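Trainee: Prediction below, plus the sequence it came from.
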Protein chains: 2
Amino acid sequence: MDDVTAAALSKIPIFNGLEPDVLDKIASHAHQNTYKKGKILFIHGDIAEHYYIVKSGHVKLFRETLDGTQTVIDVLSENDIFGHSLLFEDNRYPSSAEIAQTGVIISLPLSDLREEMYKNNDIAVNLLRAITLQLNHKDRELEHRFTQSATQRIGCFLLRQALKDKTGRPVITLPYDKMLLAARLGMQPETFSRALSRLKKKTGMKIEGACIHLDTLDRLSTYTCSSCSVKFPCKDLINKS
Amino acid sequence: MDDVTAAALSKIPIFNGLEPDVLDKIASHAHQNTYKKGKILFIHGDIAEHYYIVKSGHVKLFRETLDGTQTVIDVLSENDIFGHSLLFEDNRYPSSAEIAQTGVIISLPLSDLREEMYKNNDIAVNLLRAITLQLNHKDRELEHRFTQSATQRIGCFLLRQALKDKTGRPVITLPYDKMLLAARLGMQPETFSRALSRLKKKTGMKIEGACIHLDTLDRLSTYTCSSCSVKFPCKDLINKS
DNA sequence: AACAATAATTGACTTTAATCAAAAGGTAAA
DNA sequence: TTTACCTTTTGATTAAAGTCAATTATTGTT
């Protein structure tokens, strides 16, 4: 269990522009830890006491019904933050969190956030910024699960992945294994496999394991974004530094 | 276009505990208006300048793809607030808003909220409370669209409607027409009609137009909530005053 | 290298809900 | 009251994705 420096935290959007003493206090209560794949960080319904930052690896947020059916709410990667929206006493986690790929996670007590958001308007506004972004993200997710076919959902994921990679090259690497990605996109692994090969036929992409080559994003976006209400390239990604 | 009193606004959660002068200022910029069914308040992608409170009638929030397919994000009713999460300059509406049933809507400029959230931390915290609730709401929505059948989604809606009605009587009145409700629950009207009659057979409910009679909620919740990760009765409704 | 374990693919079949089409029921205006 | 319009229901068919089962790849471990 390692310590965390204020400098490391300052790059995270919700800590932008904070007074050094506030950041120091927050950092002093933070712990960095390597967790192995399969480790459960918290369970849906638990009283929330910590929020987390992913430094490496991947974290799966999911809900589970009595009969064991999982819904993946999100999969988080480097520098993603989660649990920070449980800002009020007796708030409970709205999903479970499991380490999907071994990595380093920073844990921070929610008590600091709950205290500081009353005293420190910067933090409150930063939190509003972060949480309203999440809200937009979920609106898009809901639309996509409804209007897009399985094949289009994969295409959309690939396009967004390509936009995030600022290298400009149309080579996409799947960030985690296909089973998890299938669940993340709301489909069965069998459906994922079939849908990906259909996408390959439609857009002429080349697939080598987790690596996908495209000559151009045009064919893919024409096919995929016809069932989306937002024109490609997605606004929420192109303005990001 | 009528004026709005501070007293009327004070009952809305995001204005809880505000200084009277702040509330007066906000109320002085508010306008109350009766809008007819079909009126569009804003379009997905417009720069957001107002937020709204529903005093009567219903408002449909939706997204639309190029081919005309609509996804209903939410349907809002009395005392619901919307557009208040567009707190930053150049934020755009993440969905369109249409009056689904003629009613009275209060419009308020976002500029006040954007200004006050920096000066008045109470407002920032109130907004955080409101927006984190919305977030939980969307997680549930996503899960339900994924794990529940069309029939169960209707059952879930009815149960939640029954819990909101604090009268305790297991008589549920559909708040708006079936086409809209079908869209709200992510299904076609034909599917809704068939699914409702299946639900009738399974749970022994009696349906007279928009009025649904149940002897007990037990049969309905047993059938419906088996594909949900939260035990009935839903926690987010029972603690509400 | 050989083994086990897990991940990915493929095939056959089933289920659910969408679609297309038509009829029945309601509501409001002329 | 009659007409027109819209909502709801019902029927027949289709399409998409889920399920079950078997096989092939891939990965990691001893």
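Mentor: Arrived safely, thanks for sending.
Trainee: What residues of the longest helix that chain A contains count as buried?
Mentor: Counting residues, the longest helix found in chain A (DSSP state H) is helix A:121-147. The neighbour-count check on helix A:121-147 (16 or more other Cβ atoms under 10 Å in any protein chain shown) flags A:121-128, A:130-132, A:134-136, A:138-147 as buried. To be clear about C-beta, it is placed using only N, CA and C from the backbone, and glycine gets the same treatment.
Trainee: Skip the chain neighbours and tell me the closest residue to the most centrally placed residue in chain A.
Mentor: Centroid-nearest residue in chain A, with Cα atoms, centre = their mean: residue A:76, separated by 3.4 Å. The shortest distance from residue A:76 to any non-neighbouring residue, by Cβ to Cβ, 6 or more residues apart in numbering or on different chains, is to residue A:59 (4.5 Å).
Trainee: What is the burial count for that neighbour?
Mentor: Using other Cβ atoms under 10 Å in any protein chain shown, residue A:59 has 22 other residues around it.
Trainee: what does residue A:234 give?
Mentor: For residue A:234, using other Cβ under 10 Å, the count is 16.
Trainee: how much space between it and residue A:152?
Mentor: 14 Å (Cβ to Cβ, to the nearest Å).
Trainee: Could you show which parts of chain A are in contact with DNA strand D?
Mentor: With Cβ under 7 Å from any atom of the strand as the criterion, chain A comes near DNA strand D at residues A:149-151, A:186-188, A:190-191, A:195, A:209.
Trainee: got the end-to-end distance for stretch A:197-211?
Mentor: End-to-end distance for stretch A:197-211, by Cα to Cα, to the nearest Å: 14 Å.
Trainee: roughly how far is it from the heart of the chain?
Mentor: Here stretch A:197-211 is found 24 Å from its chain centre; the criterion is Cα atoms, centre = their mean, to the nearest Å.
Trainee: same question, stretch A:19-35
Mentor: The answer for stretch A:19-35 is 22 Å, by Cα atoms, centre = their mean.
Trainee: Is there any residue in it that contacts chain B?
Mentor: No. With Cβ under 8 Å from any Cβ of the partner chain as the criterion, chain B is not reached by stretch A:19-35; the gap is at least 14.5 Å.
Trainee: hmm, who's touching that stretch?
Mentor: With contacts defined as Cβ atoms under 8 Å, 6 or more residues apart in numbering or on different chains, stretch A:19-35 is touched by A:1-6, A:8-10, A:15, A:18, A:41, A:55, A:57, A:99, A:102-109, A:112, A:116, A:120, A:122-123.
Trainee: Filter the residues you listed down to the ones in helices?
Mentor: Judged by DSSP H, the contacts of stretch A:19-35 include A:6, A:8-9, A:112, A:116, A:122-123 as members of helices.
Trainee: Which one (most neighbours) among those?
Mentor: residue A:123 (25 neighbours).
Trainee: That one - nearest residue in space that isn't next to it in sequence?
Mentor: Nearest one to residue A:123, counting by Cβ to Cβ, 6+ apart, is residue A:116 at 4.8 Å.
Trainee: what's the one you found in contact with, if anything?
Mentor: So residue A:116 contacts A:22, A:26, A:123 (Cβ under 8 Å, 6+ apart).
Trainee: From residue A:229, how far off is the first one?
Mentor: Residue A:22 sits at a distance of 40 Å from residue A:229 (criterion: Cβ to Cβ).
Trainee: Show me which of those two is the more surrounded one.
Mentor: Taking neighbours as other Cβ under 10 Å, residue A:22 and residue A:229 compare with residue A:229 leading, 23 against 17.
Trainee: Check the contact between that one and residue B:44; I expect there is one.
Mentor: Yes. Counting by Cβ atoms under 8 Å, residue A:229 touches residue B:44, with 6.1 Å between them.
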